[in-house]
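In: Here you go, sequence then predicted model.
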Amino acid sequence: MREQEKGAATEELMKELRNRVAARGKQIHIPEFTEKKSADRFDPGALEGGLKTSGENKDLNRSFASPGGNPVKRLIKKICTKQIRFLMYRQNEFNDAADQAMNELYSYIVEEMVRRSKEPSKSEIPAFAEQIFASQESLMEDLERQAEALEASNAALEKEIERLERGAGEAVAGGAGSDADVAAKTADSAAVTESTAGATEATAKKDKICFVVQRYGDEVNGGAELLCMSLAERMVPYYDVEILTTTAIDYMTWKNEYPVGTEELRGVTIRRFPVERDKDPAEFKEIHDRFLTEGISEEEELKWLEIQGPYTPSLIEYIKENRDTYVTFIFFTYLYYPTVMGVREVPGKAIVFPLGHDEPPIRMKMFRREVFGKATAYFFNTEEERLLVRSRFGGYRIPYLTGGTGIDLPEDINADRFREKYADRVGTSPFIIYVGRIDASKNCGELFDFFRRYKKEHPSDLKLVLLGKPQMEVPEDPDIVPLGFVSDQDKYDAEAASQLLVLPSKFESLSIVVLEAMALHHPVLVNSGCEVLLGHCVKSDAGLAYSTYGEFAGSLELLLSDEKLRTQMGENGVAYVHENYRWDTFVQRMRIMVEHLKRTGGEVK
């Protein structure tokens, strides 16, 4: 795109936004765009001109040119640092809050431009402006309340800006939060780099970090819990890692099965607390149905939380009494009692992995008030999750990082071994595979219906193999093979032996099994009603999505009949996972966030 076209399109877009803002009675200054570069103006021409001409940005140029690059954060860091300083802090004659709100709109637009690699055409501008304005509506009010904090952060930004310009922040390529925190994260990444050598010394005293999660252990089946365990164990070389969790294994009952107390598992200290009330399915159904149909009060929301479980007040009491023992607390999932009641007890120290998706409970007021309103920092699994949380809850000044897992496959994966072990159940038949909880909430009922209908219309020896604990009735059908909860070895062998993975769920915040299937050179077939799963398919070109039976049947038939297509999708999936989901990158990002809170969260006793 030529610079003059970029400037003209951006100017048209900003005019449209200005008109919409004016209609709400807002007095917001919009600097004019110009071809002349000035320290007092943000020049969108720097998007291309700066990247192409700046000799010190060779790595950035390559990243920008790479289809898989993520240049937005580097762009802000390397090209626009000074412009952002002026844009954010040197327009004192205008209302601070409104100015900041418009800056966030600028950031959003720049991100969209880079993501699209082009600006909208003139005919698309009104619709694009509507999209931006609607998604940023809560931004205005949110930032008005934070004008004072914005002004106070100016001094801190000025002090940190030199570190930013020295390029120490290259390690933050995984993600960035609000503009005023970019420089702070750069300093944090430098601290991480400096501490790496020290972490290898056996005698070095490590800071304590604490993960809070509803269940934890090798016997637990759940994506959030697995992610927590995998990350916690990989943080052991750098920190003294502890887990606060319950004695439950099954989330359907919250029955106390592990012993109360402390144990060690692969270098991690686990502190288990009892669940003080069993889950009554009928009681929960009654209050949940009322929430869905007529709504419930804020007081009843807290009752809903306790009935859903795990209700473990002793865990929260431990957090209260020991908040100064840990550098930071890392909470997994917004949905459960330990997170909702725990985040409020550790102001300045709460990193939240929301694992959020667009499901009914996320609309409850208590989550806005107690989790998203009190989090110190976020770690999002995907860009889709970030957009969901930001659009629903605001909090644009809360720092965040994105990219929430790594995929490491064992070296010993053998498809033939699976077929030999389960010869009496699967034999030599081709099969598609579902991995996860067999639950109505995962839309498994629809999967069974669609698959059985497909088999009637397309007779063959194709089977559907199910790996996971059943929480619902599985149809008695010779072509549907439930194997229950299996070992990791059997799971990987089964995935390798399958034709493809199918995931019917509409509510996923990441889906490790989809990424594992891609890493194993297999395409995936997912429900398009889940933005995250659809995003994986669109960004990777390694899967297809469906919403109706016709789309399910057509996609499945295409994938099964075209081996060349499956092979190409498999290669695409491997590249996507390698580029975006590596443990070394994920752990580095997590350490950056911990160091940031360590530096800003207060004294640690």
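Out: Sure, I can see it. Residues are numbered from 1 along each chain as shown.
In: shaky segments in this protein?
Out: The model of the chain has pLDDT under 70 over residues 1-204, 404, 601-605.
In: thinking Asp479 is in contact with Lys463, fair?
Out: Yes - applying CB atoms under 8 Å, one finds Asp479 in contact with Lys463, separated by 5.0 Å. Using the backbone N, CA and C atoms, a C-beta is placed for each residue, glycine as well.
In: Name the residues that touch stretch 548-556?
Out: Residues external to stretch 548-556 that are found in contact with it (CB atoms under 8 Å, 6 or more residues apart in numbering): 432, 449-450, 453-454, 457-458, 502, 525, 528, 544-546.
In: What about those, which are in strands?
Out: Judged by DSSP state E, those include Ile432, Val502, Leu525, Leu544, Ala545, Tyr546 as members of strands.
In: Closest one of the residues you listed to Lys349?
Out: Closest to Lys349 out of the ones in strands among the contacts of stretch 548-556 is Ala545 (39.0 Å), distances taken as CB to CB.
In: Now do the strands in the protein.
Out: Per DSSP E, the chain carries strands over the ranges 208-212, 240-246, 261-265, 268-273, 328-332, 350-353, 377-380, 400-402, 431-435, 463-467, 480-482, 501-503, 524-527, 543-546.
In: Setting the sequence-adjacent residues aside, check what's closest to Ile209.
Out: Spatially, and ignoring its direct neighbours in sequence, Ile209 is nearest to Tyr239 (4.6 Å; CB to CB, 6 or more residues apart in numbering).
In: The one you found against Met590, yeah?
Out: No - if you go by CB under 8 Å, Tyr239 and Met590 don't touch, sitting 9.8 Å apart.
In: now Ile438, nearest residue through space, not along the chain?
Out: In space, Ile438 is closest to Pro470, 4.3 Å off (CB to CB, 6+ apart).
In: got a list of what the one you found touches?
Out: Contacts of Pro470 (CB under 8 Å, 6+ apart): Ile438, Pro482, Gly484.
In: So Asp479 and Lys463 - more neighbours on which side?
Out: Neighbour totals were compared for Asp479 and Lys463, and Lys463 leads with 23 against 17 (other CB atoms under 10 Å).
In: Look up which residues are beta-bridged to that one.
Out: Phe431 (DSSP bridges).
In: Count the neighbours of Arg599 for me.
Out: By other CB under 10 Å, the residues close to Arg599 number 13.
In: can you check Pro482 too?
Out: Pro482 has 16 neighbours, counted by other CB under 10 Å.
In: Begin at 10, not 1, for the rest of this chat.
Out: In the new count, where the first residue is 10, that last one comes out as Pro491.
In: Contact partners for it?
Out: Shown in contact with Pro491 (CB under 8 Å, 6+ apart): Ile447, Leu475, Pro479, Val483.
In: Reformat these into CSV and put distance to Thr302 next to each item.
Out: As requested, the contacts of Pro491 are exported to CSV (distance: CB to CB, whole Å):
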residue, distance to Thr302
Ile447, 27
Leu475, 32
Pro479, 28
Val483, 29
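In: Could you turn the buried ones of the residues you listed into a ChimeraX selection?
Out: Selection of buried members from the contacts of Pro491 for ChimeraX, criterion 16 or more other CB atoms under 10 Å:
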select :447,475
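In: farthest pair in the contacts of Pro491?
Out: Spatial extent of these (CB to CB) is set by the pair Leu475 and Pro479 at 7.8 Å.
In: Which neighbours do these two have in common?
Out: Common neighbours of Leu475 and Pro479 (criterion: CB under 8 Å, 6+ apart): Ile447, Pro491.
In: show me the contacts for Ala386.
Out: Contacts of Ala386 by CB under 8 Å, 6+ apart are Gly186, Ala359, Ile360, Val361, Ile407, Pro408, Tyr409, Leu410, Met602, His605, Leu606.
In: what's the answer for Val229, then?
Out: By CB under 8 Å, 6+ apart, Val229 lies in contact with Leu235, Ile258.
In: Swap in 6 Å and give it another go.
Out: Going by CB atoms under 6 Å, 6 or more residues apart in numbering, Val229 touches Ile258.
In: Backbone torsions only: list them for it.
Out: Backbone torsions for Val229, taken as degrees, to the nearest 10, come to phi -80, psi 130.
In: if I look at Glu379, how far off is Thr348?
Out: Plainly put, Glu379 is 9 Å away from Thr348 if you go by CB to CB, to the nearest Å.
In: out of those two, which sits in the busier spot?
Out: Under the neighbour definition other CB under 10 Å, Glu379 and Thr348 were set side by side, and Thr348 has more, 25 against 21.
In: thought the more buried one was touching Phe340?
Out: Yes - Thr348 lies in contact with Phe340 (CB atoms under 6 Å); the separation is 4.4 Å.
In: Tyr345: how many residues sit nearby?
Out: If you count neighbours by other CB under 10 Å, Tyr345 ends up with 24.
In: Ramachandran angles for it?
Out: When read as degrees, to the nearest 10, the backbone of Tyr345 gives phi -110, psi 160.
In: Name the residues that touch stretch 356-365?
Out: For stretch 356-365, contacts defined as CB under 6 Å, 6+ apart pick out 233, 337-343, 352, 371, 384-388, 394, 397-398, 518, 602, 606, 610-611.
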